[in-house]
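> fold the stuff below for me.
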Amino acid sequence: MAMEKRIFISLKWIFAISVGALLSVLTLASGRIIIEKEREVLEAETQRRLLAQCRNLASLSSSPLLDEFPEFVLHPLLKDILEENAELAHAVVVDREGRIRGDADLRRIDQPFEDRPGLSLLAVDLPKESRETFRHDEEILKVSVPVLYRDGALLGTVHLGMRKDHVRRAIADAQKNTFQVVLGALAIGLVFTIFLTSRIVRPINQLTRGTEEIGRGNLDYRIEVKSRTEVGRLARTFNEMTARLKEAQKAMIERERLNRDLEIAHEIEEKLLPRPNLEVPGYDVAGFHRSARVVGGDYYDLIPIDEEHVGITVADVAGKGIPGLVVMAMTSALLRSHAPRYRSPAEMLTVLNAMLLPNMRRGMFITMFYGILHLPTGRFVFAGAGHNPLVHFRADTGLQSLVGTKGIPLGLYSEGRFAERIANQSIVLQPGDGFLQYTDGVSEATNPALEEFGIDGLLSVARRECGHGSREIVEAILEEVRRFSEGAPAADDLTILAVKRAGGARARARAAREGASSR
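Numbering: from 1, shown residues only. Got it, this is the predicted structure:
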């Protein structure tokens, strides 16, 4: 029987036009968002820099304003500032009686200060001190900062003005560059789309021609596709060879699905963990995670609580693979969403246990360490739900100690029984002090003789490396575990988190001297 003749529409052009249209819309919309964001960032950065310049000038002006003739110091200083910063319109230092004591123009010295008419208050999203103000009009952005004596007495005010046309030019240049990049990316994307679709369709056409010759016979299953594209032709041809390829195809699809599931699970696991270069102001933080399988059940995280507090957690789900990952993802989401509401780690873990308990499969539980670090003082309040003890090392004595916790694992017992066992504990990190937290994959790592690395091995490395940075400490522990294991496969997921307060003996001595002098 002669094959029915049909009119075919090229899939290449359907795909290219569709993807090209979508790419155009997404690229242009993204470009507009980026341009608006750049404008906001440039304006905020200009305000921040202007405020910093004004504060610095106020600090430099405090001593001259105590002299009888402050203009001898302030005049050359302000003149240099205006010459070095062409965007500045004026820089004036006024004493507390409102008379100009510092100006680039000597003729204005000792004259009453008159503010520029028409200036209105500007609300900015910046942390400001008392009496620091922003004012502006169509041409000038001005900031005023008080000059204070060390006891807080007002000596005067610094007024610093910037021309807005400088900011407008910077924004226009940035927007122009962004627009050019967006157009270039769009052009490249369209060309690549056409090229890619041509490459995709060509093998399909070749495969169709081949299967038309070898796919004759009686088949139990038929593909019902009425499409007039290359896919339609390919579907009709494969109807003649479905019986011989059915089982092999099912096995291949299942393998591909499983591999893809594992890839997605691994991507999810990577996204749950914080980025490798952890940044906490005033602290050196380093973490490492390695799953025993493609995905695992270990977890660590840093959770911003507010400007002065950071939550720190390390957890180990009883179970590896995708089930452990699912529990870890659920735990991470719950902890991140609720942590800012609680200042007590024990209370947070109690609440977390109550939320997890109804959803935990029989035989699964979580050991978790969670603490809240107060950044200015170094006070670290923590609690543990059946997790490993904390390794605390001190810079002044070089001693290391294990700080055990009292709680029981999450997901095993009711809220009342859990709350009875858990309690907060605390340490204070002085400059140079730090701590380690880890999972069983470290302490229970084994060598070919089935000997465990143990807590003693961990303490030995911590004692030797505690004078180095957190990253060096973590890498030293990993190297020691690798050497101890002698190539034996890891039986459990491995996670290490090291936190160390910046500074050391010198910083502590300096802080003590400063405290003594202030008293």
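
> quick check: Met328 touching Ser291?
No - contact criterion Cβ atoms under 8 Å: Met328 and Ser291 do not qualify, at 10.5 Å. C-betas here are computed from N, CA, C, even on glycine.

> so for the two, which residue has more residues nearby?
Between Met328 and Ser291, Met328 has the larger neighbour count (other Cβ atoms under 10 Å), namely 25 against 22.

> secondary structure element holding the more buried one?
helix 321-338 (DSSP states H and E).

> quick one: buried residues of that helix?
The neighbour-count check on helix 321-338 (16 or more other Cβ atoms under 10 Å) flags 321-322, 324-332, 334-335 as buried.

> equivalent analysis for stretch 399-407, please.
For stretch 399-407, burial by neighbour count (16+ other Cβ under 10 Å) applies to Gln400, Thr405, Gly407.

> for the one helix or strand Lys500 maps to, what does the pLDDT average out to?
Taking DSSP H and E as the criterion, Lys500 maps to strand 494-501. What strand 494-501 shows for mean pLDDT is 93.

> now do it: which elements does it pack against?
Here strand 494-501 touches strand 283-290, strand 298-304, strand 309-317, strand 434-438, helix 440-443, helix 470-485, going by 3 or more Cβ pairs under 8 Å, 6 or more residues apart in numbering; DSSP states H and E.

> restrict stretch 124-131 to CA atoms and write it as PDB.
Taking C-alpha atoms only, stretch 124-131 is exported to PDB below (Å, rounded to 0.1, in the frame of the first residue of the first chain):
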ATOM      1  CA  VAL A 124      17.200  57.200  52.600                       C
ATOM      2  CA  ASP A 125      17.500  53.500  53.400                       C
ATOM      3  CA  LEU A 126      20.700  53.900  55.300                       C
ATOM      4  CA  PRO A 127      21.600  53.600  59.000                       C
ATOM      5  CA  LYS A 128      22.000  57.200  60.300                       C
ATOM      6  CA  GLU A 129      23.100  58.700  63.600                       C
ATOM      7  CA  SER A 130      21.100  61.400  65.400                       C
ATOM      8  CA  ARG A 131      21.000  64.800  63.600                       C
END
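
> now do it: everything it contacts.
Ala44, Gln47, Arg48, Leu51, Phe134, Ser144, Val145, Pro146, Leu154, Thr157 (Cβ atoms under 8 Å, 6 or more residues apart in numbering).

> please check those and keep the buried ones.
By 16+ other Cβ under 10 Å, these give Gln47, Leu51, Phe134, Ser144, Val145, Pro146, Thr157 as buried.

> distance check, the first one against Val147.
It stands for Gln47. 20 Å (Cβ to Cβ, to the nearest Å).

> and if you look at the second one?
Relative to Val147, Leu51 is positioned 15 Å away (Cβ to Cβ).

> and what of the last one?
For Thr157, the distance to Val147 equals 6 Å [Cβ to Cβ].

> cool, and the third one?
Per Cβ to Cβ, Phe134 is found 17 Å from Val147.

> please name the residues that touch His309.
His309 neighbours (Cβ under 8 Å, 6+ apart): Arg343, Ile372, Leu373, His374, Leu375.

> before we move on, what SS does the third one have?
So the one you mean is Leu373. Counting by DSSP: H, G, I helix; E, B strand; the rest coil, the backbone at Leu373 sits in strand.

> what helices or strands is the longest helix seen in the chain leaning on?
The single longest helix within the chain, with elements called by DSSP state H, is helix 11-65. Packed against helix 11-65, as judged by 3+ Cβ pairs under 8 Å, 6+ apart, are the following elements: helix 71-84, strand 88-95, strand 100-103, strand 140-148, strand 154-163, helix 164-214.

> would you mind finding the most buried of these?
strand 100-103 (a mean of 25; mean count of other Cβ atoms under 10 Å).

> partner strands of that one, with direction?
strand 88-95 (antiparallel) (DSSP bridges).

> how is this structure divided into domains?
Under automatic domain parsing, the residue ranges defining each domain of the chain are 33-170, 273-518.

> which residues are contacting the helix or strand encompassing Val391?
Taking DSSP H and E as the criterion, the element that holds Val391 is strand 390-393. With Cβ under 8 Å, 6+ apart as the test, strand 390-393 has contacts from 369, 382, 384, 399-405, 427, 433-438, 458-459, 462-463, 466.

> quick one: low-confidence parts of the stretch 251-400 of the chain?
251-278, 293-296, 319-321 (pLDDT under 70).

> same list (the buried residues of stretch 399-407) but as CSV, adding distance to Ser470.
Output for the buried residues of stretch 399-407, formatted as CSV (distance: Cβ to Cβ, whole Å):
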residue, distance to Ser470
Gln400, 15
Thr405, 21
Gly407, 26
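
> just to revisit the earlier point, quick one: list the elements packing against the helix holding Met328.
helix 242-272, strand 298-304, strand 309-317, helix 345-356, strand 366-374.

> let's go with 7 Å and repeat that
helix 242-272, strand 298-304, strand 309-317, helix 345-356 (3 or more Cβ pairs under 7 Å, 6 or more residues apart in numbering; DSSP states H and E).

> could you check the angle strand 366-374 makes with that helix?
30 degrees (axes from the mean of the first three to the mean of the last three Cα atoms, to 10 degrees).

> now helix 321-338, how far from the chain's geometric center?
Relative to the centre of its chain, helix 321-338 is centred 18 Å away, using Cα atoms, centre = their mean, to the nearest Å.

> same question, stretch 173-189
Using Cα atoms, centre = their mean, the offset of stretch 173-189 from its chain centre is 27 Å.

> contacts for it next, please.
Leu23, Ser24, Thr27, Gly31, Ile34, Ile35, Glu38, Leu42 (Cβ atoms under 7 Å, 6 or more residues apart in numbering).

> could you dump the residues you listed to TSV with distance to Glu71?
Shown next, in TSV, are the contacts of stretch 173-189 (distance: Cβ to Cβ, whole Å):
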residue	distance to Glu71
Leu23	63
Ser24	62
Thr27	57
Gly31	51
Ile34	47
Ile35	45
Glu38	41
Leu42	35
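
> which one of those residues has the most neighbours?
Gly31 leads those on contacts (other Cβ under 10 Å) with 19 neighbours.

> stretch 106-113: which residues count as buried?
Arg108, Ile109, Phe113.

> ah, wrong one, I meant stretch 437-453
By neighbour count on 16+ other Cβ under 10 Å, the buried set for stretch 437-453 is Gln437, Tyr438, Thr439, Asp440, Gly441, Val442, Ser443, Glu444, Ala445, Thr446, Phe453.

> between those residues, which is closest to Leu356?
Closest approach between the buried residues of stretch 437-453 and Leu356, by Cβ to Cβ: Thr439, at 17.9 Å.

> pretty sure the closest one is touching Leu497, no?
No - counting by Cβ atoms under 7 Å, Thr439 does not reach Leu497; the two are 9.4 Å apart.

> give me the neighbour count for Val461.
Using other Cβ under 10 Å, Val461 has 22 neighbouring residues.

> phi and psi next, for it.
phi -70, psi -40 (degrees, to the nearest 10).

> and the one 3 residues further on, by the same measure?
For Arg464, the backbone dihedrals (degrees, to the nearest 10) come out as phi -80, psi -30.

> show the pLDDT at the nearest residue to it once chain neighbours are set aside.
Nearest non-adjacent residue to Arg464, counting by Cβ to Cβ, 6 or more residues apart in numbering: Ala476, 7.4 Å away. pLDDT recorded at Ala476 is 94.
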